[in-house]
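# turn this into a model:
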Amino acid sequence: MFATASVSMMAKKAPPNKVMMAYGVFCTAALAVYHFIANGEFSAILTLAVIFQCLGFALLCVQVLLTGTCAGISARALALDAWALCFRLSSTLWLHGYLPVDASGDWAYQAVDVVALVLVLWLLHSLLLEKKHTYQEEQDTFPATPVVLACLVMAALFHADMNARPVFDTLWMAGLFISAVAVLPQLWLISKTGGKVEPLTSHYIAAMAISRALSGVFMWHARFDITCDPWVTGFNHAIWVILGAHALHMLLLGDFGYYYLKTVMKAGLTAQLDLIQDSYV
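Numbers count the residues shown, from 1 in each chain. Next comes the predicted model:
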């Protein structure tokens, strides 16, 4: 885990107006969806969660476009995010078990996920092809494939039955598990490259944490509505593994979140986060 942190300024800053513009566009979109599409229904918090996730990927795209480099971005983390989005969309594009019950679940929720997937694929294209010479492949070595396989196995064992279709219930749950740990390759790359995090990369990680927090709040409130075929009579294992996946994501980002907030409050949105890794717990 990260033990100390110091603040430095990046050599090539992302202009503050560009950062604020990205936040402004997505926050405006989130408010519009909440008020005008979802009519203020609580379930729209799930749609807001995917909007913040999409914001995270958009911030990475802005970083690549502004700096002309993919340094500091993990292709393996993005690949996990792509798998998670595909698994989730395999359910939400035509089934209704895991959608918000308000009007945003009719199309807005899915549309945001499709846009997010397009952004992730563009980023992967930039890292692996167009700007491969800037991609830190030798340091981006986290074993992502076993993570996908492990999540699929766990999802097959613990999935809910909201779709009443075991295959697609499993895929949705696998997407949830993968998205919960998709940040690990990014944190791995940060540790391998000296602990420095470019501003928009840190905002991307923070946006993913906000997304997971919003989704977790929704799942907690919906815990009595999510059903499964229980292994033990009277014990709904599915909701507890769903909540556990959300908690795991927040736990993984505990230290990062502290230093991110400290850096933003001290030096602003365009400050580079410098995490000095002394030890792991």
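# now do the helices in this protein.
16-32, 45-67, 75-92, 108-125, 144-158, 166-181, 183-192, 199-221, 237-252, 254-267 (DSSP state H).
# now render those helices as CSV, adding mean pLDDT, distance to N39 and mean neighbour count.
All C-beta spots, glycine's among them, are computed from the backbone N, C-alpha and C. Output for these, formatted as CSV (pLDDT from 0 to 100; distance: least, C-beta to C-beta, whole Å; neighbours: other C-beta atoms under 10 Å):
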stretch, mean pLDDT, distance to N39, mean neighbour count
helix 16-32, 80, 12, 14
helix 45-67, 94, 12, 23
helix 75-92, 98, 20, 23
helix 108-125, 98, 12, 19
helix 144-158, 97, 33, 16
helix 166-181, 98, 26, 23
helix 183-192, 94, 33, 21
helix 199-221, 95, 16, 21
helix 237-252, 96, 26, 18
helix 254-267, 87, 32, 16
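# possible to save these as CSV with distance to D102?
CSV is the format used below for the helices of the chain (distance: least, C-beta to C-beta, whole Å):
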stretch, distance to D102
helix 16-32, 14
helix 45-67, 8
helix 75-92, 14
helix 108-125, 9
helix 144-158, 26
helix 166-181, 19
helix 183-192, 28
helix 199-221, 11
helix 237-252, 20
helix 254-267, 29
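# E137 is nearest to which of the ones you listed?
When the helices of the chain are compared by C-beta to C-beta, helix 75-92 sits nearest E137, at 7.7 Å.
# number of nearby residues for the closest residue in space to R165 that isn't next to it in sequence?
Of all residues not flanking R165 in the chain, L95 sits nearest, at 6.9 Å (C-beta to C-beta, 6 or more residues apart in numbering). L95 sits with 16 neighbouring residues when counted by other C-beta atoms under 10 Å.
# I'd say L95 and F168 touch.
Yes: between L95 and F168 there is a contact under C-beta atoms under 8 Å: 5.9 Å.
# circling back to that earlier point, ok, now which ones touch the residue nearest to R165?
L95 makes contact with N163, R165, F168 under the criterion C-beta atoms under 8 Å, 6 or more residues apart in numbering.
# got a list of what G257 touches?
Per C-beta under 8 Å, 6+ apart, neighbours of G257: A206, A209.
# burial count for D140?
By the criterion of other C-beta under 10 Å, D140 has 21 neighbours.
# just L93 next, same as before
Neighbour count of L93, defined by other C-beta under 10 Å: 11.
# now L252: closest residue in space that isn't a chain neighbour?
The nearest residue in space to L252 (C-beta to C-beta, 6+ apart) is V183, at 6.0 Å.
# give me the distance between that neighbour and A77.
6 Å (C-beta to C-beta, to the nearest Å).
# next: L117.
In terms of C-beta to C-beta, L117 sits 15 Å off from A77.
# try H203
Separation of H203 from A77 (C-beta to C-beta): 15 Å.
# now do V19
Applying C-beta to C-beta to V19 and A77 gives a distance of 21 Å.
# got it, and A116?
14 Å.
# which residues sit in contact with the residue nearest to I178 when sequence neighbours are not counted?
Of all residues not flanking I178 in the chain, A84 sits nearest, at 4.1 Å (C-beta to C-beta, 6+ apart). The neighbours of A84, taking C-beta under 8 Å, 6+ apart as the test, are A174, G175, L176, I178, S179, A182.
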